[in-house]
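Chemist: Structure of the sequence below:
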Amino acid sequence: MSQPDVRLERLDGVALLTVSDPKRRNAMTGALSDRLVAVLEEVGADTAVHAVVVTGDDDPKPAFCAGGDLDELAAAGEAGPDALQRIYAGFLSLAECPLPTFAAVDGPAVGAGLNLALAADVRIAGETARFEPGFLRLGVHPGGGMTWMAQRIVGPQVTTAMLLGGEALDATRAAELGMVLKVATGEGSDGRSAAVTEALRMASTSAKAPRELAIATKASIRATGQLDRHRDAVAVEVGPQLESLRSDGFREGLARVRASTGKK
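Modeler: Next comes the predicted model:
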């Protein structure tokens, strides 16, 4: 039986992270969370990696992450907040990753698994994806920032419907409500699902750009998302934009555009 792990593949500037504990349908444990933290620290320090895709092991059948391990959750009730924080640390590391992050969701994303999906910058659903908090069904209060993340992405009504009304979302409904960007259909490539294939395709845009530009752009998206005035957003962007205009990356990009248009 394979051991819980987060497998790491480096693919032309993209780190593909596969959360893998098939026996538990990739349920989040403290050990698996520890591994996710370590892998994200590793890719964050690797200057060859410009973007991250996270998915779940689909053997023997698709599953993103079926929630927190029930035995560990029960033990955490006795152990106190540190035990819960250990489980949360994995998706908090994904949320705080400075690189662009994409979640490719096949199968269920339940409880802590939904937290992991919401922690990514962009979510791509496969046709089998299902998004369900699952907390109240277990008699457990939501945790890990679920109430905050969900409201920011789908608003208070959908969040309340999911957390207090038992509303689970399939892939199509999740796309309609904006929880995921799109549903990837059909066959993937290289033995991967359509969702993983599409997430890798999107991540490749950042992989082809200068790493510092991808990081700065993500930082500006987060900074300006908290602002109310257009003028304040311009002030946030002007510094990193000027820096990029002085970079080798811009000179190389400008040369490519001019060559493709026949301009000198």
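
Chemist: C-alpha only now, for contacts and for neighbours.
Modeler: Will do.

Chemist: could I have the lengthiest helix in the chain exported to PDB, CA atoms only?
Modeler: With secondary structure taken from DSSP state H, the chain has its longest helix at helix 146-165. C-alpha atoms of helix 146-165 as PDB (Å, rounded to 0.1, in the frame of the first residue of the first chain):
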ATOM      1  CA  MET A 146     -13.600  28.300   5.000                       C
ATOM      2  CA  THR A 147     -16.200  31.000   5.800                       C
ATOM      3  CA  TRP A 148     -13.800  33.800   4.800                       C
ATOM      4  CA  MET A 149     -12.500  32.100   1.600                       C
ATOM      5  CA  ALA A 150     -15.900  31.000   0.300                       C
ATOM      6  CA  GLN A 151     -17.500  34.400   0.900                       C
ATOM      7  CA  ARG A 152     -14.700  36.100  -1.100                       C
ATOM      8  CA  ILE A 153     -15.100  33.800  -4.000                       C
ATOM      9  CA  VAL A 154     -18.900  33.100  -4.200                       C
ATOM     10  CA  GLY A 155     -20.400  35.600  -1.800                       C
ATOM     11  CA  PRO A 156     -22.400  35.300   1.400                       C
ATOM     12  CA  GLN A 157     -25.600  33.700   0.000                       C
ATOM     13  CA  VAL A 158     -23.800  30.700  -1.700                       C
ATOM     14  CA  THR A 159     -21.600  30.300   1.300                       C
ATOM     15  CA  THR A 160     -24.500  30.200   3.600                       C
ATOM     16  CA  ALA A 161     -26.400  27.800   1.400                       C
ATOM     17  CA  MET A 162     -23.400  25.500   1.300                       C
ATOM     18  CA  LEU A 163     -22.400  25.700   5.000                       C
ATOM     19  CA  LEU A 164     -25.900  25.900   6.500                       C
ATOM     20  CA  GLY A 165     -28.200  24.600   3.700                       C
END
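
Chemist: how deep is Val140 tucked in, by neighbour count?
Modeler: Look at Val140: counted by other CA atoms under 10 Å, it has 10 neighbours.

Chemist: now swap in Asn26 and tell me
Modeler: Asn26 sits with 30 neighbouring residues when counted by other CA under 10 Å.

Chemist: cool, Ala209 as well?
Modeler: With other CA under 10 Å as criterion, Ala209 counts 15.

Chemist: Show the pLDDT at it.
Modeler: We have a pLDDT of 96 for Ala209.

Chemist: what sits against it?
Modeler: 50, 249 (CA atoms under 8 Å, 6 or more residues apart in numbering).

Chemist: so what's the backbone phi/psi at it?
Modeler: Phi and psi for Ala209, reported as degrees, to the nearest 10, are phi -90, psi 160.

Chemist: Then Ala129?
Modeler: Taking degrees, to the nearest 10, you get phi -60, psi 140 for the backbone angles of Ala129.

Chemist: List the residues that contact it.
Modeler: 105-109, 170-171.

Chemist: where's it relative to Ala168, distance?
Modeler: Computed as CA to CA, to the nearest Å, the Ala129 to Ala168 distance reads 11 Å.

Chemist: swap in Met202?
Modeler: In this view, Met202 and Ala168 are 26 Å apart by CA to CA.
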